[in-house]
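A predicted structure for the sequence below; I have some questions about it.
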Amino acid sequence: MPNKLLRATLAWVGAPGDSEPPSAQARNRRLTRVLSHALRHAPEDYGLCLDADGWGDVETLLAAVRTRSTEWTRLTASDLATLIAGSRVDRFELRDDRIRAKYGHSAEATPGAAAEPPAVLYHATDRRAAAHIYRVGLEPRGRRFTHLASDARYAISARRVKNWPAILFSIDALAAHRSGVTFFPASSVVWLVERIPVEFLAGFEGIASEEAAATYAPSSGWSDYGIRWRRRQRDT
């Protein structure tokens with residue numbers, strides 16, 4: 001069974017050296033999670049009314065976030081601008097008095113033109129969902145599109161279920177594209193696709209904790225357990 005396979009073969013990846021990030025980085029990660037929750041998952045909890053392209057009012061968002069924790073009581077639009085400008089991946093977009101998540105918001109916009117993806121893309125999930133993915137491939141699960149990332153750490157941070165360990169899949173995206181799967185670039189990091197058939201799951205790794213994820217890089221030897229498991233199933 002896939003569950004037993006995952007438990008038996010996960011390669012836990014630890015963070016080298018000091019695993020505690022600087023306080024500013026930790027604060028930025030916490031704020032990013034709050035913004036993602038507000039703009040991608042539960043805008044109504046923050047009094048936001050997103051338009052068809054996912055845009056919401058900055059002041060409404062700030063007013064709601066300030067009440068969530070004493071950490072955010074002095075949060076300003078300038079803080080949001082600094083966070084967005086300093087991020088190595090463009091999760092959010094700020095335009096005058098409006099803000100939106102670049103992808104995955106509740107009012108998911110129609111993507112632009114299709115394009116050829118990178119050779120490898122990543123998708124992160126939890127153990128339970130990983131077993132399902134091995135059976136049927138990647139599916140949108142209530143969204144219009146499945147979200148993939150060209151950056152492994154971004155995929156880990158953007159996953160929908162935040163418990164640990166995280167299971168990080170590598171996707172043979174270029175092969176999928178050449179077989180007829182259509183990919184849409186949503187940002188410099190995020191790619192959208194309707195589904196990924198199981199034959200294009202190239203491998204997986206296990207990420208044990210948030211601290212390990214902070215300095216994670218894909219290993220030189222990706223696990224190929226998924227492909228081997230499927231071959232065993234076909235041979236029996």
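That came through fine.

Give me the distance between residue 82 and residue 74.
Taken as CB to CB, to the nearest Å, the spacing of residue 82 relative to residue 74 amounts to 13 Å. Where you see a C-beta, it was placed from the backbone N, CA and C, and this is true even at glycine.

Of the two, give the one with the bigger neighbour count.
Higher neighbour count among residue 82 and residue 74: residue 82, with 12 against 8, using other CB atoms under 10 Å.

helices or strands up against the helix or strand encompassing residue 148?
Using DSSP states H and E, residue 148 maps to strand 146-149. The elements that strand 146-149 packs onto, with contact taken as 3 or more CB pairs under 8 Å, 6 or more residues apart in numbering; DSSP states H and E, are strand 120-125, helix 152-158, strand 190-193.

Dump those to CSV, plus mean pLDDT and distance to residue 214.
Listed next are those as CSV, based on pLDDT from 0 to 100; distance: least, CB to CB, whole Å:
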stretch, mean pLDDT, distance to residue 214
strand 120-125, 92, 14
helix 152-158, 81, 8
strand 190-193, 88, 20
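
Take those and write them to JSON lines, including mean neighbour count and distance to residue 38.
Supplementary listing: the helices and strands packed on strand 146-149 in JSON lines, determined by neighbours: other CB atoms under 10 Å; distance: least, CB to CB, whole Å:
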{"stretch": "strand 120-125", "mean neighbour count": "24", "distance to residue 38": "21"}
{"stretch": "helix 152-158", "mean neighbour count": "22", "distance to residue 38": "15"}
{"stretch": "strand 190-193", "mean neighbour count": "24", "distance to residue 38": "18"}
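
want to throw those into JSON lines with distance to residue 137?
Shown next, in JSON lines, are the helices and strands packed on strand 146-149 (distance: least, CB to CB, whole Å):
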{"stretch": "strand 120-125", "distance to residue 137": "11"}
{"stretch": "helix 152-158", "distance to residue 137": "16"}
{"stretch": "strand 190-193", "distance to residue 137": "11"}
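
which residues in this protein form strands?
Using DSSP state E, the strands of the chain run over 12-13, 56-57, 92-95, 98-101, 120-125, 146-149, 166-172, 184-185, 190-193, 201-207.

where exactly do the helices run in this protein?
Secondary structure of the chain, counting by DSSP state H: helices at 2-9, 23-36, 58-66, 77-86, 127-136, 152-158, 173-178, 210-214, 225-235.

tell me the most buried of those?
For these, average neighbour numbers computed from mean count of other CB atoms under 10 Å are highest in helix 152-158, which has a mean of 22.

elements contacting that helix?
For helix 152-158, the packing partners by 3+ CB pairs under 8 Å, 6+ apart are helix 23-36, strand 120-125, strand 146-149, strand 166-172, helix 210-214.

picking that back up, same list (the strands of the chain) but as a markdown table, adding distance to residue 33.
As requested, those are exported to a markdown table (distance: least, CB to CB, whole Å):
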| stretch | distance to residue 33 |
| --- | --- |
| strand 12-13 | 21 |
| strand 56-57 | 17 |
| strand 92-95 | 12 |
| strand 98-101 | 12 |
| strand 120-125 | 15 |
| strand 146-149 | 16 |
| strand 166-172 | 14 |
| strand 184-185 | 24 |
| strand 190-193 | 17 |
| strand 201-207 | 16 |
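
Any idea which of those gets closest to residue 134?
Comparison of the strands of the chain against residue 134 by CB to CB identifies strand 201-207 as nearest, at 7.2 Å.

Compute the inter-axis angle for that closest one and strand 166-172.
160 degrees (axes from the mean of the first three to the mean of the last three CA atoms, to 10 degrees).

Can I get strand 201-207 as CSV, trimmed to CA atoms?
Extracted C-alpha coordinates of strand 201-207, given in CSV (Å, rounded to 0.1, in the frame of the first residue of the first chain):
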residue,chain,number,x,y,z
LEU,A,201,5.3,11.8,-10.7
ALA,A,202,9.1,11.5,-10.7
GLY,A,203,9.8,11.0,-7.0
PHE,A,204,9.3,12.4,-3.5
GLU,A,205,11.1,13.4,-0.3
GLY,A,206,10.0,13.9,3.2
ILE,A,207,10.5,17.3,5.0
